[in-house]
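>>> Fold the stuff below for me.
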Amino acid sequence: MIKVAKSKPKKFDVILVHKFDRFARSREDSVVYKSLLKKECGIKVVSITESIEDDKFSVILEAMLEAMAEYYSLNLSDEVKKGMTEKAERGQFQSSPPFGYRMNNGILEIVENEANIVRLIFEKFTSKELNMLQLAKYVNDLGYTTHRGNKFENRTVEYILSNPVYLGFARWTPSGKLKRGKIAEDTIIKKSQHSPIISEDLFNKAKEIINTNKQIHKK
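Below is the predicted model of the structure:
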């Protein structure tokens, strides 16, 4: 929208929003872009539900409205994260089901044909018959794809081999997505209600091989 606003000849004079907090995610962005639009493009941002006059007092009022909206958004985010953390502590799974499972009434349920592939990956990896890249090619040749419809890759196999969900655990990280091969300090791993696909011995053996390989083949 900003890119179009800066184009010549000017394509519009006003940007209408339901509320000012719909224009930008933060006050900093709002100030920067509104200033750019007004000074460089001659375009005004107008809120349908928050009528503000074009005078010096409106600057204070608009800033207060945006500050209140940002506070509400941050507070809501904290409450949502708090609720998700409580669920994670109870072992509830709260993301899309991984390969080998589907969701049924809020609980992971084994998809047997996919679970067989998961077992095959663990068995061939721990027996050192195939490495991660070879396993990815092997599974692709069998005609399987990820739940997103993508082909298996080296990192896909590594994710499966290091995911405790296959042991019957739920894993969740409040601070965000996990980096590849890393576990954040705040990661919560709790026993869940779903059935495991592999044994603990097999999982630990795979983990040991992965750690050994990383020591040998450092970046």
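
>>> Buried residues in the least confident helix or strand in the chain by mean pLDDT, which are they?
For the chain, counting by mean pLDDT, DSSP states H and E, helix 56-89 ranks last in confidence among helices and strands (a mean of 75). The neighbour-count check on helix 56-89 (16 or more other Cβ atoms under 10 Å) flags Glu62, Leu65, Glu66, Ala69, Glu70, Met84, Lys87, Ala88 as buried. Quick note: C-beta positions are derived from backbone N, CA and C, even for glycine.

>>> can you pull the contacts of the second one?
Contacts here follow Cβ atoms under 8 Å, 6 or more residues apart in numbering; on that basis Leu65 touches Lys19, Phe20, Asp21, Glu50.

>>> do the third one as well
Shown in contact with Glu66 (Cβ under 8 Å, 6+ apart): Phe20, Asp21, Arg27, Ser30.

>>> so where do the helices sit in this protein?
Assigned by DSSP state H, the chain shows helices spanning 2-5, 27-36, 56-89, 112-126, 132-141, 154-161, 200-216.

>>> for those helices, which one sits closest to Gly168?
Closest to Gly168 of the helices of the chain is helix 200-216 (Cβ to Cβ; 9.3 Å).

>>> Show me which residues of the closest one are buried.
Leu202, Phe203, Ala206, Ile210.

>>> With distance to Pro196 as added columns, please give those residues in CSV.
Output for the buried residues of helix 200-216, formatted as CSV (distance: Cβ to Cβ, whole Å):
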residue, distance to Pro196
Leu202, 10
Phe203, 9
Ala206, 14
Ile210, 19
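
>>> just curious, which of the residues you listed is nearest to Thr145?
Checking those against Thr145 by Cβ to Cβ gives Ala206 as the nearest, at 22.1 Å.

>>> Distance of the closest residue to that closest one other than its chain neighbours relative to Val80?
Nearest in space to Ala206, with sequence neighbours left out and distances taken as Cβ to Cβ, 6 or more residues apart in numbering, is Leu161 at 4.7 Å. Here the distance between Leu161 and Val80 works out to 31 Å (Cβ to Cβ, to the nearest Å).
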